[in-house]
Every structure is written in C-alpha cells, then in structure tokens.
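1. any chance you could fold what I've pasted below:
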Amino acid sequence: MKTVTIPQDYHHIAPDGAEIRELLENQHAGIAQGFLPTGVVSKTFRHKTVSEFWYVLSGKGKIWRKDNQEEQITELVPGVTIDIPQGTAFQYRSDEDLTFIIVTMPPWPGADEAVEIDTGKWQSSN
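-> As a prediction, this is how the structure comes out:
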C-alpha cells in the first residue's frame, strides 16, 4: 500500500506545456497533478496508446477535443471531469491558473507517447 502527498516541485514539463507532479502508478493506470499557468495555450497533441480522465481542482480554462465523430470545446472549471480517449486530438488553455488531476490508462509510457498535431483551436504559446 502507498500513500503520497502532492509534491511542492513538479517532476517534469509535459509535452503540452503543463507542470506534472507524479503521484501513483501501477500496471493499470497512473495518476498525477497537472498545472498550467494563466495565459498559457498548449500545443495540440493526440496520444498513441493511452486514454486519460482529467478532473479540474481549481482555475479556469477550456479544452478542445476532436475525434473521428465529433469536435467540442469544454469549459474547464472546478468539478468538471473530462475524458481524452486514445487517438483524440486535444488542445487546452488556462484563463486562470489551472490545476487538475490526470488519470492515465495504461500508465504513461514515455515521451514518445504524445504526437504533436499541426492544427488546433488556438495559437499555441509554447
């Protein structure tokens, strides 16, 4: 059994620009905290092999998601939970310091997982 608290310092910067604080991982999933400062717009990506759930803890922003069947923009505010299914294009922005929990299934395999895409909804600040 493991117990962790969210660390003060982030472990790394995700390919999309978010600060990532790793929490727990097993063979089925990983959980981390993401943070995107006010005014930052991520690059646009899709994941090759993982799906994610995000739960917004604080702040405000928007996420654009597009797959083969639909496209949508969702407000990211405290209490909102979204999914990013494998292969879905996504881009997000922070209108106010955005803090969120990320559950990745299966666990994040490494830097090669995220594939950058040229077209997104907004101009990236990264």
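2. measure V50 to V40 for me?
-> Summarising the geometry, the distance separating V50 from V40, computed by C-beta to C-beta, to the nearest Å, is 22 Å. Every C-beta, even on glycine, is put in place using the N, C-alpha and C of the backbone.
3. for V80, same thing?
-> For V80, the distance to V40 under the criterion C-beta to C-beta works out to 18 Å.
4. neighbour count: the two, which is higher?
-> Regarding V80 and V40, a neighbour count based on other C-beta atoms under 10 Å identifies V40 as having more, with 20 against 14.
5. so what's that one up against?
-> Under the criterion of C-beta atoms under 8 Å, 6 or more residues apart in numbering, the contact list for V40 reads 17, 93-94, 125-126.
6. flag the least confident of those.
-> When those are sorted by pLDDT, the bottom entry is N126 at 70.
7. so what's that one closest to, chain neighbours aside?
-> The spatial neighbour of N126 that comes closest, neighbours along the chain excluded (C-beta to C-beta, 6 or more residues apart in numbering), is G17 at 4.6 Å.
8. repeat that for T74.
-> If you skip the residues right next to it in sequence, T74 has I63 as its closest partner in space, 5.3 Å away by C-beta to C-beta, 6+ apart.
9. right, and the one you found touches Q91 too?
-> Yes - the pair formed by I63 and Q91 meets the contact definition of C-beta atoms under 8 Å, at 7.3 Å.
10. strands along the protein, start to end?
-> The residue ranges that make up the strands of the chain, judged by DSSP state E, are 12-13, 19-25, 30-36, 44-47, 51-66, 71-76, 81-84, 89-105, 114-117.
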